[in-house]
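Colleague: Let's see this in three dimensions:
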Amino acid sequence: MNSQSLYDKAVRSYLLTKYTSAANTCNKAIQALKPEDEESLKLNIWTLYLNIASTLLVGSSTLPPAKLFGLEETNIDSVQDVCHCVWNKLVQFYSTELVDARLVTACLNLDLKLNQMMEAREVAESWFASLTDLVLDDIANGRESDENYLEIVQLYTCRILPGMNDFESANTFLEYNSILSDSKKKQLKSIIQEQQDIIEKEKKKLEEEAAKSEIAKAEAIAIAKAKAEAEAETAAAGTEAAEKIKVATELAEKEEKDREDQAELSKKEKNLEIKSHSTVSTPRSMNRPSVMDHNLKLIKKCMAQVTTKSAASYATILIIVFALLALLRGQRGRLSIALQSLMAKLWQTVKMGTKVTYM
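Modeller: Reported below is the predicted structural model:
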């Protein structure tokens, strides 16, 4: 099939939204083009190629296969690579000729739709650089239509360069352009100024929004910091109160323990005192009966000696009585009944002895 038939088939597939089939057929049509083919056919095939590329790339979440564009896979990693390779492919086809301005316009529109400003600038500037003085003279003198040239100039100065925020280069290009009329330059400069004003307003708006965002962020940080400080103070106060409570509790526990220890010590001292008193008093009570018995035995023995001897020895009895009284006076408490009875008998004996002696 010749290039015309392949072009017709590709157009039908494109209109039926069979873009993969249209791309493959269009690539075959480009390969089938011959130098003697009409310029209109070449223009149509390449225009269809750029439209298919735009349809496949714009709005696609994934990068289509490079073979759909007739490119090598190894050279394609991004949309920028596709745009660059498409332009190079077009330039290689028109290697000995100037690329048609309409195809340059289509290629620039493709780059602008894909937001590839750097590639669009490279396309426009490389095409401007390829213009010969003869072509420029023909455009300037009206021998060749300047419509396509003006369209490229307008895209370059009013969309591509402003899109890169390079208004100075746009104004400089118009200032030193010898083909454009003064009225056209004025018109394009007015468009550039409008673009600059819009971008400046958007930039100012973005700066204001960024400033508001920074202020809000700073306020949020200040509020968060104040809240954190308040929480820290509350926590510190709680910690201090807890420490005070802990110290007070420990002090109370210590005082309670001291009181318990003091009570225990007092109890032990009291028990020790009681035990000591009991220990001291017990021998006395135990010794008293033995002493008393011993004294009674002595008294009985003396009385027996008195009765066996004569009454003349009453002096001895008196001494014994006085000694007994002295001995008994040392005892604490009252005399027992037996002792009182014994004393009464002794006293009677003494009196009887006295009477006998007197007689």
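
Colleague: Show the pLDDT at Thr354.
Modeller: Here the pLDDT value assigned to Thr354 is 58.

Colleague: Apologies, that question was intended for Glu168.
Modeller: pLDDT at Glu168 comes out at 93.

Colleague: Need the three-state assignment for it.
Modeller: Using DSSP: H, G, I helix; E, B strand; the rest coil, the structure places Glu168 in helix.

Colleague: go on, Ser60?
Modeller: Secondary structure, three-state DSSP: Ser60 is coil.

Colleague: Look up how far Ser13 lies from it.
Modeller: 18 Å (Cβ to Cβ, to the nearest Å). Using the backbone N, CA and C atoms, a C-beta is placed for each residue, glycine as well.

Colleague: These two - which one has more neighbours?
Modeller: Ranked by neighbour count (other Cβ atoms under 10 Å), Ser60 and Ser13 place Ser13 first, with 19 against 11.

Colleague: For that one, list the residues it contacts.
Modeller: 19, 21-22, 25 (Cβ atoms under 8 Å, 6 or more residues apart in numbering).

Colleague: What is the nearest of those to Asn148?
Modeller: Ala22 (25.8 Å; Cβ to Cβ).

Colleague: Name the helix or strand for the closest one, please.
Modeller: Assessed by DSSP states H and E, Ala22 sits inside helix 19-32.

Colleague: Report the buried residues of stretch 116-129.
Modeller: When burial is assessed from 16 or more other Cβ atoms under 10 Å, stretch 116-129 yields the following buried residues: 116-117, 119-124, 127-128.

Colleague: Repeat that for stretch 130-150.
Modeller: 136, 139-140, 144, 146, 148-150.

Colleague: and what of stretch 167-177?
Modeller: Buried residues in stretch 167-177, counted by 16+ other Cβ under 10 Å: 167, 170-171, 173-174, 177.

Colleague: now those residues in TSV, with distance to Ala216?
Modeller: As requested, those are exported to TSV (distance: Cβ to Cβ, whole Å):
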residue	distance to Ala216
Phe167	32
Ala170	37
Asn171	38
Phe173	42
Leu174	43
Asn177	48
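
Colleague: ok so, going back, select from the contacts of Ser13 the one having the most neighbours.
Modeller: The most crowded member of those, judged by other Cβ under 10 Å, is Ala22 (25 neighbours).

Colleague: Settle this for me: it is touching Tyr14, isn't it.
Modeller: Yes. Ala22 lies in contact with Tyr14 (Cβ atoms under 8 Å); the separation is 4.0 Å.

Colleague: overlap in contacts of these two?
Modeller: By Cβ under 8 Å, 6+ apart, the residues touching both Ala22 and Tyr14 are 48, 52.

Colleague: Which other helices and strands does the longest helix seen in the chain contact?
Modeller: Longest helix in the chain, counting residues (DSSP state H): helix 182-308. Taking 3 or more Cβ pairs under 8 Å, 6 or more residues apart in numbering; DSSP states H and E as contact, the helices and strands that helix 182-308 lies on are helix 147-155, helix 161-163, helix 167-175, helix 314-329, helix 337-358.

Colleague: need the least confident one among those, by mean pLDDT.
Modeller: Taking the mean pLDDT of those, helix 314-329 comes last: a mean of 58.

Colleague: Provide the contact partners of the helix or strand hosting Met118 at residue level.
Modeller: Using DSSP H and E, Met118 falls within helix 117-130. Contacts of helix 117-130 with the rest of the structure, by Cβ under 8 Å, 6+ apart, involve 80, 83-84, 87, 91, 98-99, 101, 104, 107-108, 111-112, 152, 155-156, 160-161, 163-164.

Colleague: Tell me the buried residues in stretch 19-38?
Modeller: By 16+ other Cβ under 10 Å, the buried positions in stretch 19-38 come out as 19, 22-30, 32-33.

Colleague: Nearest to Glu250, out of those residues: which one, please.
Modeller: Tyr19 (86.0 Å).

Colleague: Please report how far that closest one lies from Phe93.
Modeller: 22 Å.

Colleague: now Gly238
Modeller: 82 Å.

Colleague: These two: who's more crowded?
Modeller: Neighbour totals were compared for Gly238 and Phe93, and Phe93 leads with 16 against 10 (other Cβ under 10 Å).

Colleague: need the contact list for the more buried one.
Modeller: Contact analysis of Phe93 by Cβ under 8 Å, 6+ apart lists 30, 33, 46.

Colleague: my guess is the second one meets Lys42, correct?
Modeller: If I follow you right, that is Leu33. Yes. Contact criterion Cβ under 8 Å: Leu33 and Lys42 qualify, at 6.0 Å.

Colleague: mind checking which helix or strand Thr96 is in?
Modeller: Per DSSP H and E: nothing holds Thr96, as it lies in no helix or strand.

Colleague: what about the nearest residue to Asn75 once chain neighbours are set aside, which helix or strand?
Modeller: Among residues not flanking Asn75 along the chain, Cys85 sits closest, at 5.8 Å (Cβ to Cβ, 6 or more residues apart in numbering). Assigned by DSSP H and E, Cys85 falls within helix 79-93.

Colleague: can you pull the buried residues of that helix?
Modeller: Using 16+ other Cβ under 10 Å as the test for burial, helix 79-93 gives 79, 82-87, 90, 93.

Colleague: Pipe these into CSV and attach distance to Gln348 per row.
Modeller: CSV is the format used below for these (distance: Cβ to Cβ, whole Å):
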residue, distance to Gln348
Val79, 155
Val82, 160
Cys83, 161
His84, 162
Cys85, 163
Val86, 166
Trp87, 167
Leu90, 172
Phe93, 176
